[in-house]
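S.K.: task: produce atomic coordinates for the following.
(chains A, B, C and D)
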Protein chains: 2
Amino acid sequence: MPANQNIKVAVDAVVFGYTSKEGLSVLLIKRNIDPFKNSWALPGGLVGDDESLEEAVQRELKEETGVNINYLEQLYSFGKPGRDPRNRVISITYYGLVKPDAFELQAATDAADVAWFKIKKLPQLAFDHQEILQAAHERLKSKMLYQPVGFELLEEKFPFSELEKLYMAVLDRPIDRRNFKKKVIKFGFLEETTEKQELSGAGRPGNLFRFNQQKYFQLQKQGINFEL
Amino acid sequence: MPANQNIKVAVDAVVFGYTSKEGLSVLLIKRNIDPFKNSWALPGGLVGDDESLEEAVQRELKEETGVNINYLEQLYSFGKPGRDPRNRVISITYYGLVKPDAFELQAATDAADVAWFKIKKLPQLAFDHQEILQAAHERLKSKMLYQPVGFELLEEKFPFSELEKLYMAVLDRPIDRRNFKKKVIKFGFLEETTEKQELSGAGRPGNLFRFNQQKYFQLQKQGINFEL
DNA sequence: GCAAAAGTGTTGGTATTACACCCATGC
DNA sequence: GCATGGGTGTAATACCAACACTTTTGC
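M.R.: All right, here's what the predicted structure looks like:
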């Protein structure tokens, strides 16, 4: 047992945002200190001595980007020596989902800038953050096949096509509209409202749906089989 | 960013062993230092400054128990303040599978004893190790439903019933023999040999099977749908 | 009337479940 | 011959994949 360990513990967050116009995006900050000064990176930082890991991620996110998020899931811990050129740092990573336009982004002192990047147009990232981001995306893709996803990402009421687009954007492949709807309806985590979509350009307006939160969280716990 | 962080980084391992007589067991060590002196605990310890997390778990396992294991998967990182009464320690946990009788257990200097415990008859564990172990067991259960499991746990050649018993032991529920076999055969990760089981008491001897390693690892990568 | 999006059913194939009897062996 | 475990098939049902036309709206 090494007597004097010299390892730092950090947390990093992969925050996915979704809008139907923009598709899936990720929240990044531009570093204004070396190493990787001026590179884009995942928000994150060192864990305080008296806070839990979850508290640390939430604090860092708030500080660095202005984003408040109440649900983050642990992804993986990265710890290869050399992943940070300064010291040995192991990073415990989390991922979460938000509606991007629910926040006004504000860069903090240790970040020069904050922005959402479309998942398809990412810049070069600092450290091993590219790898982390990719792992988070993979995890999200497989998560949404055994748990309902969308509650955190869609408006309270939304036309059915929004959920469909969300699934297609995250999975990055087409889905049969009719089969998807049958399946979702059968699970019963959606409720149809009597309202119709506001007119948005062309096409027939759809009925609005909302999540049945009780069923949604129940199915999230027990798991579903969402083969698409 | 806290300037002087005072957190230690440890790794802990949940090593599952399986034999058809004993069922599913876990490898534990008896601590001979405080805190929790004389309690049973998961093998593990602090990560060295220049080793990767995987190297650290393997080293600790070797040192504390004599067990060599070449495949461990990361489980989760536990980091609540107070989980270790001495210092703040975050622990990155791993789990793995071995044939228990492939090793001679040897307790090391910082452990008073090492032993396999049946999953159904666990002692009180130190720290939050009970919680870790339970998470590992859950993970293993769900893993075996979307990936083939058994290669690391069974002999090179084995009667079909061994695989069946393994699945029943880990999942802790009965499985229909005929349907299970149909499903496994269809996936094709087993090869039937021409040999018959050595006689072992009563009953008709079964044919021996072995894993088709290529298909096995391929299915492990791509995932299967192993509803039982 | 035409472009855009929403709504909706059927069918054939496949997969899953439930279930029971005979066979080879040791004692 | 009996106890033990191995080996195997079928029928009913549920689920899934594939697929196209009609409706409502704005312009």
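S.K.: list the contacts of the nearest residue to residue A:105 once chain neighbours are set aside.
M.R.: Computed as CB to CB, 6 or more residues apart in numbering or on different chains, the closest residue to residue A:105 that is not its neighbour in sequence is residue A:114, at 4.4 Å. Backbone N, C-alpha and C define where each C-beta goes, glycine included. With contacts defined as CB atoms under 8 Å, 6 or more residues apart in numbering or on different chains, residue A:114 is in contact with A:27, A:28, A:29, A:30, A:43, A:64, A:65, A:66, A:105, A:106, A:107.
S.K.: what bridges to residue A:114?
M.R.: Residue A:114 has these beta-bridge partners by DSSP bridges: residue A:29.
S.K.: got the contact list for the longest helix anywhere in chain A?
M.R.: Counting residues, the longest helix found in chain A (DSSP state H) is helix A:129-146. The contact list for helix A:129-146 (CB under 8 Å, 6+ apart) reads A:12, A:14, A:16, A:26, A:41-42, A:75-76, A:78, A:91, A:93, A:95, A:97, A:119, A:122, A:124-125, A:149, A:167, A:170-172, A:223-228.
S.K.: now that helix, how far from the centre of its chain.
M.R.: Distance of helix A:129-146 from its chain centroid, counting by CA atoms, centre = their mean, to the nearest Å, is 9 Å.
S.K.: still on that earlier bit, near DNA strand D, which of the contacts of helix A:129-146 show up?
M.R.: Contacts with DNA strand D within the contacts of helix A:129-146, counted by CB under 7 Å from any atom of the strand: A:225, A:227, A:228.
S.K.: okay, now the residue nearest to the second one when sequence neighbours are not counted: neighbour count?
M.R.: I take that to be residue A:227. Leaving aside its sequence neighbours, residue A:227 sits nearest to residue A:145 (CB to CB, 6+ apart; 7.1 Å). Counted with other CB atoms under 10 Å in any protein chain shown, the neighbours of residue A:145 add up to 14.
S.K.: ditto for residue A:203
M.R.: With other CB under 10 Å as criterion, residue A:203 counts 9.
S.K.: looking at the contacts of residue A:114, which is nearest DNA strand D?
M.R.: Distance to DNA strand D across those (CB to the nearest atom of the strand) is lowest for residue A:105, with 32.0 Å.
S.K.: so which bits of the helix or strand containing residue A:92 are buried?
M.R.: Assigned by DSSP states H and E, residue A:92 belongs to strand A:88-98. Burial within strand A:88-98, assessed by neighbour count using 16 or more other CB atoms under 10 Å in any protein chain shown, is assigned to A:88, A:89, A:90, A:91, A:92, A:93, A:94, A:95, A:96, A:97, A:98.
S.K.: how is chain A carved up into domains?
M.R.: A:7-146, A:158-222 (automatic domain parsing).
S.K.: in TSV, list those along with mean pLDDT and distance to residue B:56.
M.R.: Output for the domains of chain A, formatted as TSV (pLDDT from 0 to 100; distance: least, CB to CB, whole Å):
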stretch	mean pLDDT	distance to residue B:56
domain A:7-146	94	9
domain A:158-222	92	33
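S.K.: just those: most buried one?
M.R.: domain A:7-146 (a mean of 18; mean count of other CB atoms under 10 Å in any protein chain shown).
S.K.: that one near DNA strand C anywhere?
M.R.: No. Domain A:7-146 does not reach DNA strand C (CB under 7 Å from any atom of the strand); its nearest approach is 9.7 Å.
S.K.: mind listing the helices for chain A?
M.R.: Counting by DSSP H, the helices of chain A are A:53-65, A:129-146, A:160-171, A:177-187, A:213-222.
S.K.: just how off-centre is stretch A:176-190 within its chain?
M.R.: 23 Å.
S.K.: check contacts around residue A:68.
M.R.: A:58, A:61, A:62, A:103.
S.K.: 6 Å - rerun?
M.R.: If you count contacts by CB atoms under 6 Å, 6 or more residues apart in numbering or on different chains, residue A:68 has them with residue A:62.
S.K.: now do residue A:170
M.R.: residue A:24.
S.K.: distance of it relative to DNA strand D?
M.R.: 18 Å (CB to the nearest atom of the strand, to the nearest Å).
S.K.: distance-wise, check the residue lying closest to residue A:71 once chain neighbours are set aside relative to residue B:24.
M.R.: Excluding the flanking residues, the one nearest residue A:71 by CB to CB, 6+ apart is residue A:96, at 5.7 Å. Going from residue A:96 to residue B:24 by CB to CB, to the nearest Å gives 34 Å.
S.K.: what's the answer for residue A:29, then?
M.R.: For residue A:29, the distance to residue B:24 - CB to CB - is 45 Å.
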